[in-house]
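# Structure of the sequence below:
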Amino acid sequence: MMREKNINGLLAVFFVVLAAGFVVHRSETFAGSLPGHLIGVVGTVMMFLTLVYPFKKRVLGRRGRQNPLSRHIFYGLMGPSLAVVHSAHKLDSVIGLLTFGAMLLVVLSGITGRFLFRRVSRSLKDQQHELAMLKGEFQRRKEEVAACDVYFEIEPAAEKGNETGMNNEFLEEEQERRCEQLFDLAQSISELEYTTTFFESTKSLFSKWMKVHHLLTLFLFSFVLVHILTVLYYGLRWLP
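Numbers count the residues shown, from 1 in each chain. Below is the predicted model:
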C-alpha cells in the first residue's frame, strides 16, 4: 500500500514536470509518428480505465479493497503523462489545446482534492478521537467532584438548600482546584467541538470539489473523443 502511494506520488511529480516542459521543448513531428500514435493510444486507454473505479463504486457498490482507489489514481496520472509525451508539447489545433487544458485541470484538481481531502479527513479523525477522550475524562471527573454545580452555575445555590448550597468562598481548597480543572476541561471540549465542526464543514466542501472534478472529467473525455475522431478522419481519409 505504501509502495503504491510512493509510485503515485512520483507519477504526480512526473506529470507536473512533463506539463511544464512546454516552456523548453516542442517537437513538430513526433505526435504524428508511429511511436507518437502508439503512446497516445496507450495513454488514452489508461485514461478510460479511470472510469472503472467510479463505475464499480456507483453502480456495483464496491468499495475498499474490492475497488482500490490507488488504481484509479495510477491510471489518472499515467494516462495523462503519456498523453503529454504523445503531444510532444505541440498544441496547434483548438481541439488539442482544449483537450490538454481539460486534462491538466482534471489531473491537478484530482491531485489537490486527494491530498487535501486526506489531510482534512486525518485531522478530523484525530480530533474526533481526542474529543471522545476529553468527554470521557470530563464525565469521570464530574462524577468524582459532586460539588461543582455552583462553580459551573448549573443550578442556583438557593435552590439546592443546605445540602449543596455551597459557595466558592466556602469550597475547600482541594475541591475548588478540582472544579477549576473540570471547568478548564469543559472549555477545551467546547473549543475542540468548534474546530471539529469546522473540519466537518471543510470535508463537506471537498465533496463539492470532487463534483467539479467529475464535471471536468466529462469535458475531458468529450474532447478526447473529438480528438480521436479528428485524428481518424485526417489520418484515414487518404486510404483508397
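# List the buried residues of stretch 215-226.
216-217, 219-221, 223-224 (16 or more other CB atoms under 10 Å). For every residue, glycine as well, the C-beta is placed using N, CA and C.
# Kindly apply the preceding question to stretch 123-140 instead.
So stretch 123-140, judged by 16+ other CB under 10 Å, has buried residues 124, 127, 131, 134.
# any idea which element the second one lies in?
Here Q127, judged by DSSP states H and E, is contained in helix 94-144.
# What ranges in this structure fall below the confidence cut-off?
1-5, 143-177, 198-199, 202-203, 205, 235-240 (pLDDT under 70).
# Which stretches in it count as helices?
2-20, 34-49, 52-55, 69-87, 94-144, 149-152, 157-164, 173-236 (DSSP state H).
# who's in contact with F206?
113, 116-117, 120 (CB atoms under 8 Å, 6 or more residues apart in numbering).
# Reformat the helices of the chain as JSON lines; add distance to E28.
Putting the helices of the chain into JSON lines (distance: least, CB to CB, whole Å) gives the following:
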{"stretch": "helix 2-20", "distance to E28": "18"}
{"stretch": "helix 34-49", "distance to E28": "11"}
{"stretch": "helix 52-55", "distance to E28": "35"}
{"stretch": "helix 69-87", "distance to E28": "12"}
{"stretch": "helix 94-144", "distance to E28": "13"}
{"stretch": "helix 149-152", "distance to E28": "78"}
{"stretch": "helix 157-164", "distance to E28": "89"}
{"stretch": "helix 173-236", "distance to E28": "16"}
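# So which of those helices is the most surrounded?
Of the helices of the chain, the one with the most neighbours on average (mean count of other CB atoms under 10 Å) is helix 69-87, at a mean of 21.
# helices and strands around that one, which ones?
Other elements packing on helix 69-87 under the criterion 3 or more CB pairs under 8 Å, 6 or more residues apart in numbering; DSSP states H and E are helix 2-20, helix 34-49, helix 52-55, helix 94-144.
# could you dump these to TSV with distance to K211?
What follows is the helices and strands packed on helix 69-87, written out as TSV (distance: least, CB to CB, whole Å):
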stretch	distance to K211
helix 2-20	22
helix 34-49	20
helix 52-55	12
helix 94-144	10
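# out of these, which comes closest to F74?
With CB to CB as the measure, helix 2-20 is the member of the helices and strands packed on helix 69-87 nearest F74 (5.9 Å).
# Quick check: closest non-adjacent residue to L104.
Counting by CB to CB, 6 or more residues apart in numbering, A19 is the residue found nearest to L104 once chain neighbours are left out, at 6.1 Å.
# My guess is the one you found contacts V84. True?
Yes. Under the criterion of CB atoms under 8 Å, A19 makes contact with V84 at 6.0 Å.
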